[in-house]
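In: here is a sequence together with a model predicted from it:
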Amino acid sequence: MVLSTALFGKPAFRNLICNGLVLAEDGKKMSKSLKNYPSPMEVINDYGADALRLYLINSPVVRAETLRFKKEGVFSVVKDVFLPWYNAYRFLVQNAKRLEVKGLAPFTPVDATTLQNSSNVLDQWINSATQSLVHFVHQEMNAYRLYTVVPYLLKFLDNLTNIYVRLKRKRLKGRTGEEDCRTALSTLYNV
């Protein structure tokens, strides 16, 4: 930094990411001789690399603080983030396939501009929430505030699964008419 400022009159970098220390669950330094940490490949094989990434992004380590690594923390990311997201996806696929089983035309999503004009209030709400999520993630990532993303994502997933899908279950299953069902499925597909 000193050399860059002296030689070129500007800093050597615009952003600096500084991580905290990742400690073993007992609070001690991770050590091969003590074997006080789970194997990274074991964690990745059990829960996946994305769950591990989200766990670390949501931890104090990205704020340059220490983290006591717990394998259960990675499992909670799977339970709180990936399973609800997967269940919403699976619900969409099941109900889209159900249309074909009933002998109706296969599901093809309606374009996003048509969905924006949906008269259903919850469709408008979840579409707006999705756009807000995308904007928020881009804004926070550009500002290097990685740790703010996961709580916002959790809130969005909770709204998607516990409000939108739960309240629109009949619509998504086609009990309010085929056209309304296709609009609801397209909204869920878009989200």
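Out: Arrived safely. Treat the numbers as computed from the prediction; the structure is a model and nothing was measured. Numbering: from 1, shown residues only.

In: and the helix or strand bottoming out on mean pLDDT in the chain, how far from the chain's centre?
Out: Within the chain, confidence by mean pLDDT, DSSP states H and E is lowest for helix 112-116 among all helices and strands, at a mean of 81. Computed by CA atoms, centre = their mean, to the nearest Å, the chain-centroid distance of helix 112-116 equals 23 Å.

In: helix or strand right after it?
Out: Under the assignment DSSP states H and E, the closest C-terminal helix or strand after helix 112-116 is helix 121-142.

In: just checking, what packs against that next one?
Out: Applying 3 or more CB pairs under 8 Å, 6 or more residues apart in numbering; DSSP states H and E, one finds that helix 121-142 contacts helix 112-116, helix 149-159, helix 178-190. Every residue, glycine included, has its C-beta placed from N, CA and C.

In: and the contacts of the helix or strand containing residue 4?
Out: According to DSSP H and E, residue 4 maps onto helix 2-8. The contact list for helix 2-8 (CB atoms under 8 Å, 6 or more residues apart in numbering) reads 10-12.

In: follow-up on the earlier one: who are the packing partners of the least confident helix or strand of the chain?
Out: Where contact means 3+ CB pairs under 8 Å, 6+ apart, helix 112-116 is packed against helix 121-142, helix 178-190.

In: ok, and for it, which residues are buried?
Out: Of the residues in helix 112-116, residue 115 count as buried by neighbour count, 16 or more other CB atoms under 10 Å.
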